[in-house]
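# Kindly return the folded structure for what I paste below:
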Amino acid sequence: MRRRILVGGAAALAAYVGVAGYRARTAESRPVIPSAPPGDERLDHRWSAARGRTVGFYTAVPAGYGSGRGLPVCLVLHGGSKTPDDFAALGFGRFLTDAARRGLPPFVLAGADGGRLGWRPNGGDDPQRMVHEEIPLWCRQRGFDVRRPAAWGWSLGGYGALLLAEAFPGFLAAVAALSPAVTPVDDADRSARLLRGTPVGLWCGKQDGLYDNVQALRDRLPEPPRAGSFGDGRHDFAYWSRCIPDAFDFIAGAL
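Numbering: from 1, shown residues only. The predicted structure is shown next:
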């Protein structure tokens, strides 16, 4: 009888540990979004001559700052699986309000649909020119300050943000790249020397397939990263959501 109790207790303990471990893994796989409310968050559609099509144009202003007139801008470059249609659901407006409530200087997010080109020109479709020329124009029409924006991107968007800074030295106040989709032989890595003078923040999870590539890029930067981390995490929004507050700290300081 005692042996049955011991065996049963061991089985129950193993089951409990298994459930607890599952719950911990499940919690780690979910994005962490602040409870702060979004402010003025909009998704418009604009004609992009650079891309030869109408694109979604997203903007977010932290709650309490009205329409955002006069605030500096952080350009948002999305990864391959998301578009501006997804930004509100990902909580970007809430992260922005949370940053302002933590005492950071307020800023605006602005991003448009760059397609699946990795933010590189392809024939008559040039999402990089859209970000460099057209989004600042659309932001000025809204009264935002775009004299020297920052850029933030993840995955292919992180790669695109680095390319943007390299293509137009001095254009950006800073670049925050989360798990940028770089390789040791691509344009962003080979041209890393052009990032001199542009503060760069790099984040990547240790369980990300790009981890070694991002570390190699870090070692090739002409100046050490001003921000970033290389903790546990995969190539997903569960990890990136935990990095966004730190990235916004960096962006706010640069702007």
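# For Arg102, the count of nearby residues, please.
Arg102 has 13 neighbouring residues, counting by other Cβ atoms under 10 Å. The way it works is simple: take the backbone N, C-alpha and C, and place the C-beta from them, glycine included.
# Nearest residue to the middle of the protein?
Nearest residue to the geometric centre of the chain (Cα atoms, centre = their mean): Gly153, 3.7 Å.
# That residue belongs to a strand?
Yes: the assignment for Gly153 is a strand, going by DSSP: H, G, I helix; E, B strand; the rest coil.
# I figured it was touching Leu77, is that so?
Yes: using Cβ atoms under 8 Å, Gly153 is in contact with Leu77, at 3.5 Å.
# overlap in contacts of these two?
By the contact definition Cβ atoms under 8 Å, 6 or more residues apart in numbering, Gly153 and Leu77 are jointly contacted by Trp119, Gly160, Ala161.
# Among these, name the ones in helices.
Among those, the residues falling in helices (DSSP state H) are Gly160, Ala161.
# wait, what's in contact with the residue nearest to the centre of the chain?
Shown in contact with Gly153 (Cβ under 8 Å, 6+ apart): Val76, Leu77, His78, Gly79, Trp119, Tyr159, Gly160, Ala161, Ala176, Ala177, Leu178, Pro180.
# Columns neighbour count, pLDDT and distance to Asp208 on top of the residues you listed, output as CSV?
Listed next are these as CSV, based on neighbours: other Cβ atoms under 10 Å; pLDDT from 0 to 100; distance: Cβ to Cβ, whole Å:
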residue, neighbour count, pLDDT, distance to Asp208
Val76, 24, 98, 20
Leu77, 29, 98, 18
His78, 26, 97, 17
Gly79, 23, 95, 12
Trp119, 26, 94, 19
Tyr159, 29, 96, 13
Gly160, 29, 96, 18
Ala161, 29, 97, 17
Ala176, 31, 98, 16
Ala177, 31, 98, 13
Leu178, 30, 98, 10
Pro180, 30, 97, 10
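# picking up where we left off before, the residue nearest to the centre of the chain pairs with what?
Leu77, Ala177 (DSSP bridges).
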